[in-house]
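Q: Predicted coordinates and the sequence they were generated for:
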Amino acid sequence: MTATNLFDVLADAAERFGDRDFLIVGRRDEVATFRQLRDRADACGRMLAAQGVVPGDRVAIWMTNRVDWMVAAYGAARCGAVTVGVNTRLAPREVAHLLTLTRPRVWIMEAKFFGRTDARPTIEPVLAAFAEQGLPAPRILLLSDDAERTPGTLDWRETLQAHAQDAPLPPAAELVARMSAGEYPSLAGAAVILSTSGTTAAPKGVVLGHAGTIRLARACAERQDLAPDQRFYSVGPFFHASGYMHAILTNLVAGSTLYTSRPYTVAEAWDILSGERIHAYHGSIVPLREVVQLPQFSKEKVASLTRAWYSAVATEMVHLEGLFGTRMCEVYGLTETAGNVSICRAGDPLDMRHDSDGQPHEGVEVAIVDPQSGAPLPEGTPGEIRVRGWNVMLGYFRDPAATAAAIDAEGWLKTGDQGVALPGGYIKFLSRLKDVIRVGGENLSPLEVEEILMSHPDVQEVAVVSAPHPRLSEVPVAFLIRRPGRTVTPEDLDSFCRERLANFKVPRRFIFMEDFPRSNAVNRVQKAKLREMLVAGEV
């Protein structure tokens, strides 16, 4: 029988693959088999039920990538609860916002992230926020690697052990089916609440369902040719769609082994890629970009790596494909679609793998439309990407107005992304609509300029944003990171661009940086902050 909820996916994998390793953290700092994870998650479900968790309740998880994160999330699924993924880099105010929004019954957290960043001082302001709003405080389960006790919390390991012999729970599918009878009927069938990035407003809680997320994981596993003998590496955080769906669930349904880092370092990434004979990689471009700069790098040492998925401009994908000798592939998605809309196959034509985001999954519709009128646009004409299908979120938690604004009456999700339809059913993401630069009467996609600049041999990374202009309204400005040891100048780049771009597309300034401000979850460049720096005169 096909599993319809996350715990049953894990249980099915445990029956099929038993004592094979599933999750390997770091340099084998933690290793768990399929069977061990099922048994621990089942015990966690019993423990959570003993804490008063009922179907439809939320269980917040504030941990780095580790075995206990997965135990907690699949334990929540086991007792019919909804996981709330909490970003480990959030400030206390941001944690308080997310938790008072989602109102978890239980909050599971690490005492120290990576063994050095103390998370415990966040407890007091979060509980104060609950009290200010007259909300019942969550019960806190604390995972600590030291002997220090924190008043008002329960020890994660001791509490699990205390309920190890509790009576078995009803089947997970039955408990999940009861969710519609709870306080929030909109959570019927929900598996997880993940946060939006919150770059322009307070983060919203994206509700994703068991059925759609499992179907998406199976579709991605098929596109990525994953199989039980495969080893897969991802640095995507488990609280983000990249780690939650693309890493954990995709490998569970495929029976492949997942390697992850906690925390990420380039040295560890190299040891895993080269020492563990990894077959496939998915996630941020950063590890691939950084390992090739190590003195010990050679493509022969990573010969097992046959394919990788991430987002980058085509010129950089060509560059990395040559260095690694592996097939580099594009992918497109957003939290509201459980992390994926379309994905290239390793066997797609080279130009499509590098310069498109693949074809949408079967049953997922994509339309490119005029963002104001909603009218469909012809192939090759940029417009807003809209998505309809089984991968679209159930809605924003406790925000019906935002849900109605994002999903129209016909079920189309307005992504806020600019893209273009290509021949053969392929699509290509261009930029966030808010990132489009309007130079006089011309619309300019930053991606076009970024692709040109990335083709320069001295440029490692680039972000093009808008700057205010008294006559033209906006003009492009390029922020760049040079390749190590290179000395390219603004004058060099200006000449380079003028040979390849129309005059209005040439950046008015070229600003070199050591690094860019990046999002906490997936290392994405925060263009809004770059624009703020320009307006404030900080660069």
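A: It's in. Residues are numbered from 1 along each chain as shown.
Q: Skip the chain neighbours and tell me the closest residue to R345.
A: R223 (5.5 Å; Cβ to Cβ, 6 or more residues apart in numbering). Heads up, the C-betas are built off the backbone N, CA and C, glycines and all.
Q: And A128, by the same measure?
A: Once flanking residues are discounted, A128 sits nearest to A96: 7.9 Å by Cβ to Cβ, 6+ apart.
Q: which element is that neighbour on?
A: Using DSSP states H and E, A96 sits within helix 92-102.
Q: thinking again about what came up before, correct me, but the residue nearest to R345 touches G358?
A: Yes: if you go by Cβ atoms under 8 Å, R223 and G358 touch, sitting 7.5 Å apart.
Q: which residues touch the closest residue to P228 other than its chain neighbours?
A: Closest residue in space to P228, ignoring its immediate chain neighbours: G255 at 3.8 Å, by Cβ to Cβ, 6+ apart. Neighbouring residues of G255 by Cβ atoms under 8 Å, 6 or more residues apart in numbering: A13, R16, F17, R20, F34, A227, P228.
Q: Filter these down to just the ones in helices.
A: A13, R16, F17, F34 (DSSP state H).
Q: wait, isn't the last one in contact with G18?
A: This points to F34. Yes: with contact taken as Cβ under 8 Å, F34 and G18 are classed as touching, separated by 6.2 Å.
Q: which of these two has more neighbours?
A: Neighbours were counted for F34 and for G18 using other Cβ atoms under 10 Å; F34 has more, 24 against 12.
Q: Now do the same contact list for that one.
A: L10, A13, A14, R16, F17, G18, D19, R20, F22, G255.
Q: That one and P185, how far apart?
A: Distance, F34 to P185, by Cβ to Cβ, to the nearest Å: 34 Å.
Q: Please spell out which residues along the helix or strand bottoming out on mean pLDDT in the chain are buried.
A: The helix or strand of the chain with the poorest confidence is strand 442-444; it has a mean of 83 (mean pLDDT, DSSP states H and E). By 16 or more other Cβ atoms under 10 Å, the buried positions in strand 442-444 come out as L444.
Q: and that strand, which strands flank it?
A: Sheet pairing here is set by DSSP bridges, and for strand 442-444 it gives strand 437-439 (antiparallel).
Q: thinking again about what came up before, find the residues that touch each one of R223 and G358.
A: In contact with both R223 and G358: I343, C344, R345, using Cβ under 8 Å, 6+ apart.
Q: As TSV, those residues with neighbour count, distance to D155 and secondary structure would be great.
A: Listed next are the shared contacts of R223 and G358 as TSV, based on neighbours: other Cβ atoms under 10 Å; distance: Cβ to Cβ, whole Å; DSSP: H, G, I helix; E, B strand; the rest coil:
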residue	neighbour count	distance to D155	secondary structure
I343	24	41	strand
C344	25	46	coil
R345	17	47	coil
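Q: I'd like those residues laid out as JSON lines, including pLDDT and distance to R218.
A: Shown next, in JSON lines, are those (pLDDT from 0 to 100; distance: Cβ to Cβ, whole Å):
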{"residue": "I343", "pLDDT": "98", "distance to R218": "13"}
{"residue": "C344", "pLDDT": "98", "distance to R218": "17"}
{"residue": "R345", "pLDDT": "98", "distance to R218": "15"}
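Q: and of those residues, the nearest to A173?
A: I343 (28.3 Å; Cβ to Cβ).
Q: is it true that the closest one touches C220?
A: Yes: counting by Cβ under 8 Å, I343 does reach C220; the two are 6.1 Å apart.
Q: Would you mind measuring the gap between the ends of stretch 425-445?
A: Stretch 425-445 has an end-to-end distance of 21 Å (Cα to Cα, to the nearest Å).
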